[in-house]
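Enquirer: Requesting a structural model of the entry that follows:
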Amino acid sequence: MHIKRQLQWGALLGSAWLGGCSSNTGGGTLPTGNSGSGNVGGSNAAGTTTTNVSSQGGSTVNAGATGGTSASNLTGGGSPATGGSSARATGGTPSNPGGGTPSAGGTSSTSSALATGGSAAPTCSNTDKTIIPIDKTGWVDKACDACGIQGAFYWYADANTKATLKCGGAACAANTPPYQSSAPGPGMCVSGTSTGSTKDWGAGIGFSLNDSGGTTSVKNLFDATQAACGNITGFDITLTGNTNGMPVRIGFTNTPDGTTVAPFIPAGDPAGTTLQLSGSSQIVIKNAAIPADWKSTDPSPASPSKLYDIQIQVATDQAVAGKAFNLCVTGIKPVIDGGSPTTTTSCKANSVGSISSNTGVQALGSSFGYQNNVNNLGSGSQSVTGYYGTNCAAISVSTSSISSNNTAPASYPSIVDGWHWGSWNGSYTKAGAKTLSALSTVTSSLAYTPPAGQKWDVAYDMWVASSTGIAAPDGNTLEVMVWLDYSTATTTNPIGSQVATKTFAGTSWEVWYGATGSWHTVSYRRTPSTAAVSSFDLLQFLRDAVTRGTGTTAWYLLSVQAGFELFNATSGGSIDSYSLTIN
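Expert: Okay, the predicted model is just below:
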């Protein structure tokens, strides 16, 4: 069965920082939870009312967009039930809450990143994975940057500024990113004129950090401290254009629907040159704050662990009428602990050699173990090479057309943290093992190159049991698998049968339940995808799994493993970077 993977370019919007306003979505099928308005609002003091609502643009893949009937000072949108939301900021009074009545309209485009059956990786316009690619698609796939950031570029503006606004040098359109190839680009660009009203906060360019993708894309929390590349502390941002002296603000939204005031960092006017802002000293996330005289009670300063968007705004509310501006974002690069991002090669900084023996776990630095784990060989051979860096690891699997003689996998080459058939490996120890109810965090970041061949899958394999002292799985043991990718050339299903469908991490997962020898297995399978996962919450899968008939939250998490189940494979694939946090 071939399953086509569709990515919806999320058209996103946040609410004006200060002054009451209705936040409404413009035309477009939005990621769940996204709603509208300029998040980096004007410099209005508390008590000022802002009446204008923003429009937005992004891009949509194979999804009909939703337009809106215009209401006073609204530029499209829909009722709160269809993605819009009514919000009042500090001291303000809501104006035109809700929005217009949805009607047919909007635009759609065809994705160049569509993959059939998960067999093809997304096409990346960049070769340097330490930067965020900026191109005409307006979409950044996790596979195209080392940090696992995934999301859409979009434009936003208050209703009156929108009247003169151009995006990418042309009229702004919902579901269309503001990409401009000509000067002052190439980049994401907006241009227009100020209205002269303090109620009109301006326009800007936004970028979401953790969209799920898919036909019903969902905007998710992005924890910059747990990114696939390391701890993101800031962003190098390059701006071009000329804002005619009007200030530029770099904001970090802290809610998915933009209903709170977002902390920001003031930046200068590029003034016709290239303005390079340093993520080490200038655009440091924790330094973004709401001015004290705004008297906002919303969270400030910004929390690196609770981010949704970066928004770069021209603040026009203090300018006289008719002042022209143009602004382009031409570069974004995450900064890790004050330095360059950790690329996948840094997780391969140290090689510990290869394992060709079928069984046995060997140390992989101080945090992990790794294994060849050939346990059902029909034909062929396999070896695995291990690497580690700072708080991360990697493996490369070599095979000679390995296959099994039955429906079970021939092998599961993998990285291990914790228990494996009676032995404990890595930083998660028997003495420190916790019950599911005692756990607060089980998150992982994983970038991989999938295997090739007729039958394989890419999966986390987690073990839960009533005791930490078992030597092998028994009737009081539950195996929990999370399939990220799998082959479609030959039918590849988890053990047992499908019993439910759940939504986790903004994605729909099939839930399978079955027995393997003396223990049971719950498997979660998404549509095949080669996209990396970042700050991926595994605890939600574990807690759901024990509701399926085996186990309780009083059972212990024994281990988390990540690797490839190889049934019939011509190449074994590689885990290019892997990290895990258990608290």
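Enquirer: Please, where are all the helices along the stretch 401-550 of the chain?
Expert: Applying DSSP state H, counting those that start in this stretch to the stretch 401-550 of the chain gives helices spanning 539-545.
Enquirer: if I pick the residue sitting nearest the centre point of the chain, what's in contact with it?
Expert: In the chain, the C-alpha closest to the average C-alpha coordinate belongs to residue 210, at a distance of 2.5 Å (Cα atoms, centre = their mean). Neighbour list for residue 210: 149, 150, 151, 219, 220, 221, 222, 308, 534, 535 [criterion: Cβ atoms under 8 Å, 6 or more residues apart in numbering]. To be clear about C-beta, it is placed using only N, CA and C from the backbone, and glycine gets the same treatment.
Enquirer: Apply 10 Å and report the result again.
Expert: Going by Cβ atoms under 10 Å, 6 or more residues apart in numbering, residue 210 touches 31, 142, 148-151, 218-224, 227, 256, 307-309, 505-506, 534-535.
Enquirer: One more: residue 375?
Expert: Applying Cβ under 10 Å, 6+ apart, the residues near residue 375 are 358, 359, 404, 408, 409, 410, 411, 412, 421.
Enquirer: A helix includes the second one, no?
Expert: Right, the one you point to is residue 359. No. Going by DSSP: H, G, I helix; E, B strand; the rest coil, the assignment for residue 359 is coil, not a helix.
Enquirer: since we're on it, how many residues are nearby?
Expert: By other Cβ atoms under 10 Å, the residues close to residue 359 number 12.
Enquirer: And for residue 328, the neighbour number?
Expert: With other Cβ under 10 Å as criterion, residue 328 counts 27.
Enquirer: just checking, residue 148 touches residue 392?
Expert: No. Counting by Cβ atoms under 10 Å, residue 148 does not reach residue 392; the two are 11.9 Å apart.
Enquirer: Need the overlap of contacts for the two.
Expert: 228, 229, 445, 446, 447, 577.
Enquirer: what two of those are the furthest from one another?
Expert: Farthest apart among the shared contacts of residue 148 and residue 392 by Cβ to Cβ are 229 and 446. That separation is 12.4 Å.
Enquirer: what about the two, which has more around it?
Expert: residue 229 (27 against 23).
Enquirer: rewinding a little: kindly give a single PyMOL line that selects the buried subset of the contacts of residue 210.
Expert: Restricted to buried positions by 16 or more other Cβ atoms under 10 Å, the PyMOL selection for those reads:
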select buried, resi 31+142+148+149+150+151+218+219+220+222+223+224+227+256+307+308+309+505+506+534+535
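Enquirer: now, which of the contacts of residue 210 lie within helices?
Expert: Among those, none falls in helices (DSSP state H).
Enquirer: Could you list which of the contacts of residue 210 belong to strands?
Expert: Among the contacts of residue 210, the residues falling in strands (DSSP state E) are 151, 309, 534, 535.
Enquirer: what's the span of stretch 303-311, first residue to last?
Expert: 15 Å (Cα to Cα, to the nearest Å).
Enquirer: from memory residue 218 sits against residue 150, does it?
Expert: No. Checked against Cβ under 10 Å, the pair residue 218 and residue 150 is beyond contact range at 11.4 Å.
Enquirer: picking that back up, give the intersection of the neighbour lists for residue 229 and residue 446.
Expert: With Cβ under 10 Å, 6+ apart, residue 229 and residue 446 have common neighbours 148, 392, 534, 577, 579.
Enquirer: residues near residue 354, how many?
Expert: Neighbours of residue 354 under the rule other Cβ under 10 Å: 14.
Enquirer: So it lies in a strand, does it not?
Expert: Yes. Assigned with three-state DSSP, residue 354 falls within a strand.
Enquirer: for the residue nearest to it when sequence neighbours are not counted, what are its contacts?
Expert: If you skip the residues right next to it in sequence, residue 354 has residue 385 as its closest partner in space, 4.5 Å away by Cβ to Cβ, 6 or more residues apart in numbering. Shown in contact with residue 385 (Cβ under 10 Å, 6+ apart): 348, 351-355, 370, 394-398, 413, 574.
Enquirer: Residue ranges in the stretch 251-400 of the chain under the pLDDT threshold?
Expert: 338-345 (pLDDT under 70).
Enquirer: can you give me the strands in it?
Expert: 264-267, 275-277, 309-315, 324-336, 350-355, 361-364, 368-371, 382-389, 392-399 (DSSP state E, counting those that start in this stretch).
Enquirer: wait, which of these is closest to residue 168?
Expert: Residue 168 sits nearest to strand 324-336 of all the strands of the stretch 251-400 of the chain, at 9.2 Å, using Cβ to Cβ.
Enquirer: Can you spell out which helices and strands pack onto that closest one?
Expert: If contacts are counted by 3 or more Cβ pairs under 10 Å, 6 or more residues apart in numbering; DSSP states H and E, strand 324-336 sits against strand 179-180, strand 187-193, strand 202-208, strand 232-242, strand 248-253, strand 275-277, strand 309-315.
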